[in-house]
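Colleague: A predicted structure for the sequence below; I have some questions about it.
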Amino acid sequence: MAGMKLLALSLLALPAVCFGRTEYLNPDFVEDTTPWEEIAATLPAYPRNENLVPLAISSATGNKFMIDAASVSVGKDGVVRYTAVIESPRGARTVNYEGLRCETAERKIYGFGQADGKWTENKRAAWEGIKLRSLLSYHKPLFEGLFCELGIPVRDAETGVRRLKQSAGSW
């Protein structure tokens with residue numbers, strides 16, 4: 001008889017579990033309806049070569065991808081911010097200060113690095129989706145485990161930098 005009661009209780013909870021409605025299982029559940037708000041990003045110090053950590057990307061590209069470890073931060077808004085440096089085989093460099101929003105798989109470029117070591121603010125900065133299917137996307141490894149995991153940002157900058165350095169060791 002006890003087995004029948006347990007089965008009946010399980011069947012009652014099944015719709016809640018199947019449809020992700022955990023408030024039925026937890027009477028203290030309170031859904032956060034506060035809209036997400038981005039904090040203002042401040043452009044960091046320009047990256048120095050000794051702080052650049054290589055990022056492993058597909059061998060289909062001759063470009064080198066690096067993240068400035070000194071620039072990595074995790075904001076109270078859940079955005080992981082960092083400076084990405086892309087170097088072509090001929091030595092040309094692209095330097096971007098970016099944000100990665102793990103919850104929505106989006107990125108934003110806050111500023112562009114100039115050859116004179118200064119930043120230009122991106123006046124048209126907007127969130128855009130990450131190309132997760134592209135093997136040439138340096139955002140893919142950042143999103144899939146270095147700075148995000150299952151849509152959740154790393155706890156702090158130190159964790160992100162540690163993961164970066166560990167992945168660079170396998171490069």
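Modeller: Arrived safely.
Colleague: got any ranges where the protein has weak pLDDT?
Modeller: Residue ranges of the chain with pLDDT under 70: 1-32, 169-171.
Colleague: in it, which spans are helices?
Modeller: 2-18, 139-141, 157-169 (DSSP state H).
Colleague: just the CA trace of the last one, in CSV.
Modeller: What follows is the C-alpha trace of helix 157-169 in CSV, where atoms were taken according to Å, rounded to 0.1, in the frame of the first residue of the first chain:
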residue,chain,number,x,y,z
ALA,A,157,38.0,36.5,-12.9
GLU,A,158,40.6,34.2,-11.2
THR,A,159,38.5,31.1,-12.2
GLY,A,160,38.3,32.3,-15.8
VAL,A,161,42.0,33.0,-16.0
ARG,A,162,42.9,29.7,-14.4
ARG,A,163,40.7,27.9,-17.0
LEU,A,164,42.3,29.9,-19.8
LYS,A,165,45.8,29.0,-18.6
GLN,A,166,44.9,25.3,-18.2
SER,A,167,43.5,25.2,-21.7
ALA,A,168,46.6,27.0,-23.1
GLY,A,169,48.8,24.2,-21.6
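Colleague: which other helices and strands does it contact?
Modeller: Judged by 3 or more CB pairs under 8 Å, 6 or more residues apart in numbering; DSSP states H and E, helix 157-169 is in contact with strand 52-55, strand 64-74. Just so you know, the C-beta spots here come from the backbone N, C-alpha and C atoms, and that holds for glycine as well.
Colleague: can you list the domains in this structure?
Modeller: 1-27, 72-169 (automatic domain parsing).
Colleague: off-centre distance for the last one?
Modeller: Centroid separation for domain 72-169 versus its chain: 7 Å, with CA atoms, centre = their mean, to the nearest Å.
Colleague: noted, bye for now.
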